[in-house]
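Visitor: I would like the atomic coordinates for the input below:
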Amino acid sequence: MTLVKWTPKRNIYNVFDDVEKMVSQAFGHSNLGTEAGAHLQPLLDVYETDNAIEVSLDLPGVDKKDVKVNVSNGLLTISGERKDAVRENSDGRIWQETSFGTFKRTFELTDAVVENKIKAQFKNGVLKISLPKAEKVKPSVRNISVS
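Guide: Residues are numbered from 1 along each chain as shown. Below you'll find the model as predicted:
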């Protein structure tokens, strides 16, 4: 019988980070990346409709001015920072479970997304990004007269 030392994870999100690292190592890249040294991993939902792919990112406590959304070379990057509001007044803090720090999420876009029509809206701590789909190319039919 082989004994294996059990090391409990302090945070369940570390398990997902480990899986992400394994996928990245196996395939050379990942669709969803995190910046090295990031302290915050915001929750994310992705939905597909007939006309668009909708991304929703929960960012409670983050100011709109601290959020950046960029598209470059087929990659959508969402980055920002949640500041520790009570850091300077931490004398009376007994316990803190809220996370803070920088975050960065990157997605590889498909050719089906029209990059110049992407829209983002930040309201009530939720960032919503709409990635419009390209119109499907329909084959044209041309009648040729027979002589």
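
Visitor: contacts and neighbour counts: CA atoms only from here.
Guide: OK.

Visitor: so where's this protein uncertain?
Guide: Low-confidence segments of the chain, defined by pLDDT under 70, span residues 1-39, 85-91, 137-140.

Visitor: quick one: the strands in it?
Guide: All strands of the chain, identified by DSSP state E, fall at 33-34, 44-48, 52-58, 67-72, 75-82, 101-108, 119-123, 126-132.

Visitor: adjacent strands (with direction) for the fifth one?
Guide: Within its sheet, and counting by DSSP bridges, strand 75-82 is paired with strand 67-72 (antiparallel), strand 101-108 (antiparallel).

Visitor: just the CA atoms of that strand, as CSV, please.
Guide: Backbone C-alpha positions of strand 75-82 (Å, rounded to 0.1, in the frame of the first residue of the first chain) are rendered in CSV as follows:
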residue,chain,number,x,y,z
LEU,A,75,-7.7,38.3,-27.9
LEU,A,76,-10.2,39.9,-25.5
THR,A,77,-8.5,41.1,-22.3
ILE,A,78,-10.3,42.2,-19.2
SER,A,79,-8.1,43.7,-16.4
GLY,A,80,-8.5,45.9,-13.4
GLU,A,81,-8.0,46.2,-9.7
ARG,A,82,-10.1,46.1,-6.5
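
Visitor: quick one, it and strand 52-58 angle?
Guide: 20 degrees (axes from the mean of the first three to the mean of the last three CA atoms, to 10 degrees).

Visitor: buried set for strand 75-82?
Guide: By neighbour count, and taking 16 or more other CA atoms under 10 Å as the criterion, the buried residues in strand 75-82 are 76-82.

Visitor: try the fourth one
Guide: Buried positions in strand 67-72, judged by neighbour count with 16+ other CA under 10 Å: 67, 69, 71.
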